[in-house]
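1. Could you work out the structure for the sequence below:
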Amino acid sequence: MPRDKSISHIKIMAAARAEFLEMGYEKASMRSIGERCQMTAAGIYRHCKDKADLFDQLVAPAVEKLNAWAKAHMMRYEEPVKKGRKLVWQDSNIDMMRELVYPNMEDYHLLVAKSKGSKYENFLHDLTEAAQNKLLAYLGELRDAGYKVPEVSPPQVHLLLTAYITALFEPVVHNYSCEEASEALATLEKFFLPGWKLLMGI
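-> Below is the predicted model:
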């Protein structure tokens with residue numbers, strides 16, 4: 001990629017980030033983004049298909065990193081059960097927030113607080129649904145392996161996960177400082193983790 005094009009792309013992305021953070025996806029405009037980076041619409045469209053593509057370029061990496069963390073997290077818990085080893089507590093979504101989400105607060109704030117009108121506007125709901133399906137299947141595997149897992153209906157699991165994920169992402173929605181987010185996370189850890197351990201029979 002030619003150097004001038006790289007510089008242009010960086011300018012566009014910085015302008016788009018500023019526009020989406022200030023206006024949100026729905027109210028952001030390509031014209032305003034062009035004014036911010038002092039480029040014409042034609043110049044911007046050489047770097048993206050449209051506003052949706054521009055927003056996707058900004059937030060898709062954050063989604064991919066979160067999905068990769070969640071996949072690795074599930075594997076860490078599934079492997080011992082599949083191999084007949086004793087299940088021990090390793091990590092939780094608390095750690096995901098601490099290690100990945102809160103250190104990149106602006107990226108995830110864009111994703112969960114500024115995405116209305118985009119394909120990401122139901123991101124937290126979709127995340128909850130996916131987590132519910134995986135957790136219900138995993139609890140079944142634990143029961144089959146002999147763990148004393150209490151019977152919990154899908155609606156009850158949905159309630160628990162909705163409360164949990166909503167609480168975890170509230171500091172992101174409101175763009176807490178790192179210090180404020182860490183304090184909130186410590187409180188959530190004390191409140192939620194004993195319940196999850198009880199639910200998993202460990």
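2. other SSEs contacting whichever helix or strand H125 is part of?
-> Here H125 sits within helix 123-144, counting by DSSP states H and E. If contacts are counted by 3 or more C-beta pairs under 8 Å, 6 or more residues apart in numbering; DSSP states H and E, helix 123-144 sits against helix 51-82, helix 105-113, helix 154-173, helix 178-200. Bear in mind the C-beta positions are built from the backbone N, C-alpha and C, glycine included.
3. can we see that at 7 Å?
-> Packing partners of helix 123-144 (3 or more C-beta pairs under 7 Å, 6 or more residues apart in numbering; DSSP states H and E): helix 51-82, helix 105-113, helix 154-173.
4. Now do the domain split for the chain, please.
-> The record's domain parsing of the chain by automatic domain parsing lists 1-48, 59-200.
5. Need the residues that contact the helix holding H125.
-> The contact list for helix 123-144 (C-beta atoms under 7 Å, 6 or more residues apart in numbering) reads 74, 77-78, 81, 111-112, 115, 149, 154, 157-158, 161-162, 165-166, 169, 200-201.
6. want to try JSON lines for the domains of the chain, with mean neighbour count as columns?
-> Below are the domains of the chain laid out as JSON lines (neighbours: other C-beta atoms under 10 Å):
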{"stretch": "domain 1-48", "mean neighbour count": "15"}
{"stretch": "domain 59-200", "mean neighbour count": "15"}
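7. Tabulate these in CSV, adding columns for mean pLDDT.
-> Below are the domains of the chain laid out as CSV (pLDDT from 0 to 100):
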stretch, mean pLDDT
domain 1-48, 87
domain 59-200, 93
